[in-house]
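Q: Build me a structure from this.
(chains A, B, C and D)
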Protein chains: 2
Amino acid sequence: MTYSIKEVSEKVGLSIYTLRFYDKQGLLPFVARNQVGYREFTDGDLNIIHTICCLKDTGMKINDIREYVNDIMAGPTTIAHRQQLLSEHRAEVLTKQQKIADNLREIDYKLEMYEADDSFEQVSREIQFASREKEQNHLENPYKITNKS
Amino acid sequence: MTYSIKEVSEKVGLSIYTLRFYDKQGLLPFVARNQVGYREFTDGDLNIIHTICCLKDTGMKINDIREYVNDIMAGPTTIAHRQQLLSEHRAEVLTKQQKIADNLREIDYKLEMYEADDSFEQVSREIQFASREKEQNHLENPYKITNKS
DNA sequence: ATAAACCCTAGATAATACTCTAGGGAAAGC
DNA sequence: GCTTTCCCTAGAGTATTATCTAGGGTTTAT
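A: The predicted structure follows:
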C-alpha cells in the first residue's frame, strides 16, 4: 500500500506545494519514485513526515529538521546525535512555552481591564497619564482624546 | 525623563533597526520627535512597546498589532474593538499552546526511545521495518544500513 | 481516443519580518 | 575644532517558508 502526493497532502495537512518544497529542501529523502517519476509514499514515510510536522510546528528550522532526517537515514549509529538535536530543541520549546504563558498572562490582564465595569474610566486615566507625560516633556501629544488637561 | 532609540533598544530587547521598522509600519505612532527629528520615548511609550512585544511574541501579525495600537491612540471609545482583537488573539494563543504541548509530548516520546538501554535495537527494528516496507512495495530502499534483510 | 484529473520540474513570486547601506546631520567629550 | 558616537531617512538586501506558473508527461474513465 502506497500513497500519492495528493493523498499524503490530505492525510498530513500539508499542501502538495509544501510537500514538494520539503522534498526539494532535503526533508524527504526517504520518499521513493515509481517508474515515471511519481512519488510513492509508504506508511513508514508518513510516520517520519508526522515527526517532521511535530518539529516544524514547535518552531524547528528546516535546516535543523534536515539534519535530524539525515540521522534517521543513516541508521542507529546516529542515535547520540539525534538525542542531542532533540534535547536541545526540547529546551527551546520549553523556554518558548514559558514565554508564551507569561505573555498570555499579560494579555489576560489587559482583557480583564477592558471587561471591567469601569473600563472606560481606567482607559481614560491611562491615556490622560500618557498625555500629561508628553506635555511635561514638552513633546507633541499624539493622543486623539484629551478632553481633560 | 525621555529615552533615545538606543536606550529603548537596550531596555526592550529590540534592535534599533527593528524599532525604526516598527515605526515605519505604524506600530509606534505615539513616539514624539524632538526639534531635530530624533525620536524621544517616554515611559508610557515603553509600556505600549512592551504590550506590542507581548503580542508579537505570541505570534500576532504586525498588521493586527497596528490595529490594536490605533485603538489605543483613539481613546476609550475603542474598548470594545480592543477587547475583540485581544480575545480572538487569546483564543489563537491557547490553541497554539495546546498544539505545542501535544507536539512536545511526541518529542519526549522520541527522546525516551533514544535514551533507552536498548535504543540501538529499537532504532534498528524501526529502520528494518521501513526497509522491508519499501521492498514489499517494490520501491528503492533509501536507508543506508540494512545489514539485515 | 479524448477529456479530466494527476503527476513532474524549474523557476518566479509572495508574505513576513527584519537588517543593512548610503548619505547626511547633530551632540558630546576633549 | 575635531573626533567619536549618535540620530535620521529612503531604499536595498536577506532569510525563511510557502505558493504559484509554465510547460510537459501520465492515468483513468467514458
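
Q: and the lengthiest helix in chain A with DNA strand D, contact?
A: The single longest helix within chain A, with elements called by DSSP state H, is helix A:79-115. No - judged by Cβ under 7 Å from any atom of the strand, helix A:79-115 makes no contact with DNA strand D; its nearest approach is 12.4 Å. The way it works is simple: take the backbone N, C-alpha and C, and place the C-beta from them, glycine included.

Q: Buried residues of that helix, list them for me.
A: If you call a residue buried by 16 or more other Cβ atoms under 10 Å in any protein chain shown, then helix A:79-115 has these buried ones: A:79, A:82-83, A:85-86, A:89-90, A:93, A:100, A:103-104, A:107, A:110-111, A:113-114.

Q: what is the mean pLDDT for stretch A:44-57?
A: Stretch A:44-57 shows a mean pLDDT of 98 in the predicted model.

Q: Return only those of the buried residues of helix A:79-115 found close to chain B.
A: A:79, A:82-83, A:86, A:89-90, A:93, A:100, A:103-104, A:107, A:110-111, A:114 (Cβ under 8 Å from any Cβ of the partner chain).

Q: between those, which is nearest A:K134?
A: Closest approach between these and A:K134, by Cβ to Cβ: A:K110, at 21.6 Å.

Q: Tell me the residues of chain A that contact DNA strand C?
A: Taking Cβ under 7 Å from any atom of the strand as the criterion, the neighbours of DNA strand C within chain A are A:S4, A:I5, A:K6, A:E7, A:I16, A:R20, A:D23, A:K24, A:G37, A:Y38, A:R39.

Q: Report the entries of these that also contact DNA strand D.
A: Checked against DNA strand D using Cβ under 7 Å from any atom of the strand, the residues of chain A next to DNA strand C give the following subset in range: A:R20.

Q: Which two among the residues of chain A next to DNA strand C are spaced furthest apart?
A: Of all pairs drawn from the residues of chain A next to DNA strand C, the one with the largest separation by Cβ to Cβ is A:E7 and A:K24; the distance is 19.8 Å.

Q: which residues of chain A fall in strands?
A: A:32-33, A:39-40 (DSSP state E).

Q: Go through these and pick out the most buried.
A: The densest packing among these, expressed as mean neighbour count by mean count of other Cβ atoms under 10 Å in any protein chain shown, is seen in strand A:39-40 with a mean of 18.
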